[in-house]
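Novice: Let's see this in three dimensions:
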Amino acid sequence: MALQYDLIALDVDGTLLTDDHQLTSKTREAVREAADRGAGIVLCTGRAPFSVYPVLEELGLTGTIITHNGGATINSDTRKIIHQYEIAPKQLEPFVDYCRKNQVHYDVNTAFEMMVESLTPEVSDMYSKFHASPSVLGQGAGLPEGLVKFTAFGTKEVMDQVQEEWESWPPSLLTIRSGDFFIDVHHPEASKGRALQQYARSQGIDRSRILAIGNYFNDISMLEFAGCGIAMGNSPDGVKEAADVVGRSNAEDGVAYALREFAWS
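Specialist: Residues are numbered from 1 along each chain as shown. Got it, this is the predicted structure:
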């Protein structure tokens, strides 16, 4: 059976993993089969690199990963930055001030380090699910250089309110909903789609030979760039509308079924 795509881009949370952050055996085997058939597999995620390495290891893969929603592209073998979009600390000051004033938890990220002002047991539990161990800067700490992502975290209701307010601000940075409980802030040119485009160009792969699978609004740019963009069945309507195909959910091994239906024939 011939491989239909040379490069397969996979979102991690809500796509490759179940809602319990588990990789099922059926999905793992399908991704491994695609790789064994010769497809390049690139994980494209809002996670930081240290949160992606365990997933790569479980898949038995190495190579390039697109992290921080396209903010940093990393070689997982050398643990070196291939490309990143930096945010000036001063640009983030309004977001920090807003979160402090409204008691919204946030973290700031360089390519390889996550930092917070403080940690509660609830927030620590959330980070542990993503294999994240942020360092604590302390209250009122200044921001370091080399930042690629700022993330606000809270209940869906709180994030809905935050999103509504931030979308009314002048668009100096890109704000994007990366999950029901998260809003990410990036350099305006950073996105999964743009990072995937850069990587594909470096490998000499035409977009028509790319398959992308994702489930949330931060995946839309890569679903639209790829020759075939598949939205998971658990995606919001806006994501499904941006995709070429809507597949099964992450609770139904949606990635495995999508790969076996579209990646080779």
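Novice: M222 touches A200, doesn't it?
Specialist: No: between M222 and A200 there is no contact under CB atoms under 8 Å: 10.4 Å. C-beta here means a position set from N, CA and C on the backbone, and glycine is covered the same way.
Novice: now the host helix or strand of I176: how far from the chain's centre is it?
Specialist: Using DSSP states H and E, I176 maps to strand 174-179. Taking CA atoms, centre = their mean, to the nearest Å, the mean C-alpha location of strand 174-179 is offset from the chain mean by 10 Å.
Novice: So which elements touch that strand?
Specialist: When contacts are defined as 3 or more CB pairs under 8 Å, 6 or more residues apart in numbering; DSSP states H and E, strand 174-179 packs onto helix 156-166, strand 182-186.
Novice: got the CA coordinates for the longest one in PDB?
Specialist: Taking only C-alpha atoms (Å, rounded to 0.1, in the frame of the first residue of the first chain), the coordinates of helix 156-166 have been written out as PDB:
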ATOM      1  CA  LYS A 156     -13.700  27.700  31.300                       C
ATOM      2  CA  GLU A 157     -15.900  30.600  32.600                       C
ATOM      3  CA  VAL A 158     -12.900  32.700  33.700                       C
ATOM      4  CA  MET A 159     -11.000  32.000  30.400                       C
ATOM      5  CA  ASP A 160     -14.100  32.900  28.400                       C
ATOM      6  CA  GLN A 161     -14.100  36.300  30.200                       C
ATOM      7  CA  VAL A 162     -10.400  36.800  29.800                       C
ATOM      8  CA  GLN A 163     -10.600  35.900  26.100                       C
ATOM      9  CA  GLU A 164     -13.400  38.400  25.500                       C
ATOM     10  CA  GLU A 165     -11.400  41.200  27.200                       C
ATOM     11  CA  TRP A 166      -8.000  40.400  25.600                       C
END
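Novice: now what about that helix, what contacts it?
Specialist: With CB atoms under 8 Å, 6 or more residues apart in numbering as the test, helix 156-166 has contacts from 95, 98, 102, 104, 152-154, 175, 177, 180-183, 185.
Novice: Please apply the same query to stretch 187-199.
Specialist: Outside stretch 187-199, the residues touching it (CB under 8 Å, 6+ apart) are 7, 9, 11, 42, 44, 64, 66, 68-71, 73, 82-83, 85-87, 148, 171-174, 176, 207, 210, 212, 214, 218-226.
Novice: among those, which are in helices?
Specialist: Within those, membership in helices is found for I220, S221, M222, L223, E224, F225, as judged by DSSP state H.
Novice: Which single one of those residues is nearest to R248?
Specialist: Of all these, R248 sits closest to L223, with 15.9 Å by CB to CB.
Novice: got the phi/psi numbers for the closest residue to that closest one other than its chain neighbours?
Specialist: Excluding the flanking residues, the one nearest L223 by CB to CB, 6 or more residues apart in numbering is G229, at 3.0 Å. Torsion angles at G229 (phi, psi; degrees, to the nearest 10) stand at phi -110, psi 120.
Novice: Likewise for T155?
Specialist: Note on T155: its backbone torsions stand at phi -60, psi 160 [degrees, to the nearest 10].
Novice: now G63
Specialist: phi 110, psi -160.
Novice: Over to E167?
Specialist: Per-residue torsions, E167: phi -70, psi -20 (degrees, to the nearest 10).
Novice: Relative to L173, how far out is it?
Specialist: Distance of E167 to L173, computed by CB to CB, to the nearest Å: 12 Å.
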